[in-house]
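Novice: Make a model of this:
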Amino acid sequence: MKTPSSELKRRAKQTLKGRYGLCIGTMFIVYAVVFTIVLIYFGAVFSLELAKASFFTSGNGKATFIIFRGAAFFAYVVMLSLVGLLTPGISRIYLNLCTGQPARVSDLLYAFQNKPHKFLGFYFMTILIRIVWGIPYFVVFAVSIITDFIPVMTVLTVLMYLLWLFGALFTMLFLSQSMFILIESPDKKVFASFRKSADMMKDYKGSLFYLYLSFFGIIVLGYCSFGIGFLWISPYVQCTLTEFYLDLKARYEPKSYDRYEDRSFETMRNPENQ
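Specialist: Model prediction:
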C-alpha cells in the first residue's frame, strides 16, 4: 500500500520543527551566491552590448568582441556549474534531517567534496535530456517562422510544444530519485543512478505527480506574499520530497533499509530518546 501524501507531509512537518533556521539560512546562502553570479553575468553582457559600437570601430574590434562574448558564455557555464554543485548539498542536508543525522550548513559543499565531476555530469545530462525533448519543437518553430506561421504549422508548433512539455515531465518523473541515489552512493555511475531511479519509480510516477500538484496552492500563496512565504514553503516541499524518496527506498530495499520497520518515526527524529 502506498503511503498517502498527507502522511509524507506530516513527517516533513515533524522533521522541520525547530530546524527552519538551518533551512532558511542555507537558502539565503545559495540564493546570495547565485544572485551575485547572475548579477555579474548580466552586468557584463549589458556592458558588452553598450560597448558593441566602440568594439567594431576599433582595429581589432571584432576579435575583442568575440573574446568578450566567449568570456560571458564561460561565466554562464560557471553559473550553471555552481548551481549543479550546490543542489546536491541542499538534498544532502534534507536527507540528514529526515534520517536523524546531524545536518550542517557545510553540507552544502557535499558535491564539491565527493566526486564533483559526477554531479556536474548528472546536472548537465538532465539539461541535455530536456533539450533533446525540445528538438522537434525547435525544428517545427523554425519552419513556422519561414512559412510565416501558416495555420497547419501553428497547430503543429503547439503540438510539438506539448510533446516537449509532457515528454520532459514524464522522463523527469522516472529520473526524479537519481540525485538522492547518487548522493547516498557517490561511487555509482550517473547512468546507473538513472536506471535505479527508473526502476524504483515504475509504479509511483502517478503518486509523485499528485504530490507535486498538491503543492500548487501553497506555491500560489508564496507568490502572493511577494516570495517571502517561500522561506517556509521551499523547505517544506523539499523535505516532503525527501520523505517520498525515503519511503520509496524502504519499499524498494526492505531488507537493507529498516527506517520504517525497526525504528519509530518519532525516535528517529529525536535520537537522544533512544
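
Novice: only C-alpha atoms for contact and neighbour calcs from this point on.
Specialist: Fine.

Novice: Leaving out the residues flanking it, which one is nearest to Cys98?
Specialist: Using Cα to Cα, 6 or more residues apart in numbering and skipping the chain neighbours, the partner closest in space to Cys98 is Thr15 (6.1 Å).

Novice: which stretches of the stretch 51-200 of the chain form helices?
Specialist: Ranges of helices within the stretch 51-200 of the chain are 52-57, 61-98, 110-113, 116-146, 151-174, 178-184, 190-200, based on DSSP state H, counting those that start in this stretch.

Novice: tell me, how many neighbours does Gln113 end up with?
Specialist: 10 (other Cα atoms under 10 Å).

Novice: residue ranges with poor pLDDT in the stretch 1-150 of the chain?
Specialist: Applying pLDDT under 70 to the stretch 1-150 of the chain flags residues 1, 44, 48-65, 67-68.

Novice: In stretch 243-257, which of the residues would be classed as buried?
Specialist: Buried residues in stretch 243-257, counting neighbours by 16 or more other Cα atoms under 10 Å, are found at 243-251.

Novice: er, stretch 69-78 actually
Specialist: 69, 72, 75-76.

Novice: With just CA atoms, put it into PDB.
Specialist: C-alpha atoms of stretch 69-78 as PDB (Å, rounded to 0.1, in the frame of the first residue of the first chain):
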ATOM      1  CA  ARG A  69      31.300  37.100 -25.800                       C
ATOM      2  CA  GLY A  70      33.300  33.900 -25.100                       C
ATOM      3  CA  ALA A  71      34.100  35.200 -21.600                       C
ATOM      4  CA  ALA A  72      30.400  35.900 -21.000                       C
ATOM      5  CA  PHE A  73      29.400  32.400 -22.100                       C
ATOM      6  CA  PHE A  74      32.100  31.000 -19.900                       C
ATOM      7  CA  ALA A  75      30.600  32.900 -16.900                       C
ATOM      8  CA  TYR A  76      27.200  31.500 -17.800                       C
ATOM      9  CA  VAL A  77      28.600  27.900 -17.800                       C
ATOM     10  CA  VAL A  78      30.300  28.600 -14.400                       C
END
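
Novice: now, which of the buried residues of stretch 243-257 sits nearest Ser214?
Specialist: Phe244 (13.4 Å; Cα to Cα).
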